[in-house]
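Asks: Give me a model of this one.
(chains A and B)
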Amino acid sequence: MDLRLRNIAVGFAVGAGLGVGGAIAYIKANGGAVPRPQQAWAMAGGRPVTQKDLEHPALKFGLPQTEQLRFFSGFVSCFDSATRNPKWVLEFISKDSLKGEGARDQSTFYEDTSIEERFRSKLADFQDSGYDRGHMAPAANHKGSQKAMDDTFALTNISPQVGAGFNRDYWARFEKFVKDVARRSDGVYVVTGPLYLPTPDADAATGRPGWRMQYPMIGKPPQLVAVPTHYFKVVLAENSSGANGGHTAALGAFVMPNAPIDPDTPLSAYAVPLDALECVAGARFFPGYVSERRRAAVDRAAVAWQEDGRRRMRILARAGLAQEQAVMLPERATVDAITASPQPTRSNNWGWGKKRDAAAAAAGGGGGADVVDVPVPKTSGGDGAIHVCELLACRLPPERWWENNGQGPSGGRKGRGGGGGGGSVDRGQSLKSRL
DNA sequence: TTTGATGT
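Replies: Numbering: from 1, shown residues only, chains lettered A, B, ... in the order given. Model (predicted):
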């Protein structure tokens, strides 16, 4: 890329590039070489910005700078200086990055001084804010070296998350689920980021039905840090040695509220169509892999998985979830049309059947019989892409999985009892009452 | 097979 292009961080058309003339060659079913899409940080109408573009007379004094890319050992962060949050963080997880010398207790959170002081988030912003400094790329995914783990503690990888009931609980289990997928894959790419989602509400001025955006801010004005309403992950797991040679990648998108989540909520209830996520995020994810066909196929599966998850929730919780995700839900008719021809099956062509069932049985708590009863919609017509929920039966690890084999938490800490929440001796109970 | 983060 042109050096000048690299130096000018521009904020428009993030990830909008699908390349020129649809020339992207997608990952082949035979697991061959993966050509990268023709893409640049700055895109113009579906093509990379050229040197000639930058000579536009209006740009004599440069393009506005609204967000910036930061390149770390195991991930790339796009930092948005309006919200002082990452816009997205894209990481690569391999078997190697999951184990190594990287130790969490050797790392400390630090401000990213490569971002201008007035635009970056500060350690003080999170202090006494009541929110956790939540990793987008989790520390545990980058243990290959101490440097790799240290990198994840840069505040350009951090966003304010509710601690008790979310970051330290449901979201942590979700991160563990992704790790478990990575252990059984040949490499996993994950995009994680915040969302600011509106809720249905009458317009105050006109009284008409509409939408309202509302989210807290922390820190000190005018340099406030936004507190996102939701977080998303898009997971792309490669499998170069898939059974039957059919499937080469598992793909899926999830959106969760930045709030305590009932630990019994099925993970599949938070599966969303990638298309819906891309609409509310204003971003295209994995443009070098996600063709229209693959997205359509995986999104049909996503709707089916979400429906299945919701069916397993209590009616009140289900209604709450629908309210939470209202802005992402398709019209009722669309849902009905998509789910009209479900294809339940327990097998997939990933070649992990046994592992999946064993892991699901271990995670399910209810034993194998419970797992067998779960219908697993099979992605079809996805050019080698299946939905992530077809792996590990879309089951989260159990609560406090790290205590399972006799050993308590390594720190052996007592409850904090502070206003920040969490860490009480009987946390599970107090969490329930919080919901 | 070992997540997560606070505060002194």
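
Asks: So the residue most central in space within chain A: helix, strand or coil?
Replies: In chain A, the centroid-proximal residue (CA atoms, centre = their mean) is A:K233; its distance is 1.1 Å. Under DSSP: H, G, I helix; E, B strand; the rest coil, the three-state class of A:K233 is strand.

Asks: what's the pLDDT at it?
Replies: A:K233 is assigned a pLDDT of 98 by the prediction.

Asks: List phi and psi for A:V225.
Replies: Here the main-chain torsion angles of A:V225 (degrees, to the nearest 10) amount to phi -110, psi 120.

Asks: now swap in A:D383 and tell me
Replies: Per degrees, to the nearest 10, the backbone of A:D383 is at phi 50, psi 40.

Asks: do A:E91 as well
Replies: Taking degrees, to the nearest 10, you get phi -120, psi 160 for the backbone angles of A:E91.

Asks: which residues does the residue lying closest to it once chain neighbours are set aside contact?
Replies: Closest residue in space to A:E91, ignoring its immediate chain neighbours: A:F75 at 3.7 Å, by CB to CB, 6 or more residues apart in numbering. In short, each C-beta sits where N, CA and C put it, glycine included. Applying CB atoms under 8 Å, 6 or more residues apart in numbering to A:F75 gives the contacts A:V89, A:L90, A:E91, A:F92, A:M136, A:A137, A:H142, A:D151, A:T152, A:N157.

Asks: what does the model give A:F75 for pLDDT?
Replies: On the pLDDT scale, A:F75 gets 97.

Asks: and if you look at A:P138?
Replies: At A:P138, the model reports a pLDDT of 97.

Asks: That one and A:P198, how far apart?
Replies: Plainly put, A:P138 is 28 Å away from A:P198 if you go by CB to CB, to the nearest Å.

Asks: Pretty sure A:R295 sits in a helix.
Replies: Yes - assessed by three-state DSSP, A:R295 belongs to a helix.

Asks: thinking again about what came up before, settle it for me: which of A:P138 and A:P198 has more neighbours?
Replies: A:P138 (23 against 15; other CB atoms under 10 Å).

Asks: so what are the domain limits for chain A?
Replies: A:1-62, A:66-434 (automatic domain parsing).

Asks: Looking at the ones you listed, which one is packed in the most?
Replies: Compared across the domains of chain A, domain A:66-434 shows the largest average neighbour count, a mean of 18 (mean count of other CB atoms under 10 Å).

Asks: Now find how far off-centre it is within its chain.
Replies: Chain-centre distance of domain A:66-434: 4 Å, with CA atoms, centre = their mean, to the nearest Å.

Asks: of all of the stretch 151-300 of chain A, which residue lies closest to DNA strand B?
Replies: A:A172 (3.7 Å; CB to the nearest atom of the strand).

Asks: Tell me the one among the contacts of A:F75 nearest to A:E324.
Replies: Here the nearest of the contacts of A:F75 to A:E324, counting by CB to CB, is A:M136; it sits at 20.4 Å.

Asks: which ones are touching A:F109?
Replies: A:L123, A:F126, A:R133, A:F153, A:L155, A:I158.

Asks: Among these, which lie within strands?
Replies: The subset of these located in strands under the criterion DSSP state E comprises A:R133, A:I158.

Asks: For the contacts of A:F109, name the two members farthest from one another.
Replies: Every pair of those checked by CB to CB; the farthest is A:F126 and A:F153, at 12.1 Å.

Asks: So, low pLDDT: which residues of chain A?
Replies: Where chain A drops to pLDDT under 70, the residues are A:1-35, A:37-38, A:40, A:241-247, A:330-377, A:404-435.

Asks: contacting residues around the residue nearest to A:G381 when sequence neighbours are not counted?
Replies: Spatial nearest neighbour of A:G381, chain neighbours left out: A:A297 (4.7 Å); criterion: CB to CB, 6+ apart. Going by CB under 8 Å, 6+ apart, A:A297 touches A:T379, A:S380, A:G381, A:G382, A:D383, A:A385.

Asks: Out of the residues you listed, name the ones that lie in strands.
Replies: Using DSSP E, the contacts of A:A297 in strands are A:A385.

Asks: Quickly name whichever of the contacts of A:A297 is closest to A:A249.
Replies: For the contacts of A:A297, the nearest to A:A249 is A:A385 (5.4 Å; CB to CB).

Asks: The closest one: what's it in contact with?
Replies: Here A:A385 is in contact with A:H247, A:T248, A:A249, A:A250, A:L251, A:Y289, A:R294, A:A297, A:V298, A:T379 (CB under 8 Å, 6+ apart).

Asks: who's in contact with the last one?
Replies: Spelled out, it's A:T379. Contacts of A:T379 (CB under 8 Å, 6+ apart): A:A297, A:V298, A:R300, A:A301, A:A385, A:I386, A:H387, A:E390.

Asks: if we go to 6 Å?
Replies: Counting by CB atoms under 6 Å, 6 or more residues apart in numbering, A:T379 makes contact with A:A297, A:V298, A:A301, A:I386, A:H387.

Asks: Specify the beta-bridge partners of the fourth one.
Replies: Listed beta-bridge partners, A:I386: A:A250 (assigned using DSSP bridges).

Asks: Next one: it from A:G288, what distance?
Replies: Applying CB to CB, the value for A:I386 to A:G288 is 18 Å.

Asks: Check the first one too.
Replies: Remark: distance between A:A297 and A:G288 (CB to CB) = 17 Å.

Asks: Enumerate the residues of the stretch 51-200 of chain A near DNA strand B.
Replies: Within the stretch 51-200 of chain A, the residues that sit near DNA strand B (CB under 7 Å from any atom of the strand) are A:98-99, A:104-105, A:109, A:126-128, A:132-135, A:138-141, A:161, A:163, A:167-168, A:172, A:175-176.

Asks: mind running it again at 6 Å?
Replies: The stretch 51-200 of chain A comes close to DNA strand B at residues A:104, A:126-128, A:132-135, A:138-140, A:163, A:167-168, A:172, A:175-176, as judged by CB under 6 Å from any atom of the strand.

Asks: measure stretch A:273-293 end to end?
Replies: 13 Å (CA to CA, to the nearest Å).

Asks: which outside residues touch stretch A:142-157?
Replies: A:70, A:72-74, A:77, A:79, A:89, A:96-97, A:99-102, A:106-107, A:109, A:111-112, A:121, A:135-137, A:139.

Asks: Not counting its neighbours along the chain, what's nearest A:S97?
Replies: A:G144 is the one closest to A:S97 (CB to CB, 6+ apart), at 4.7 Å.
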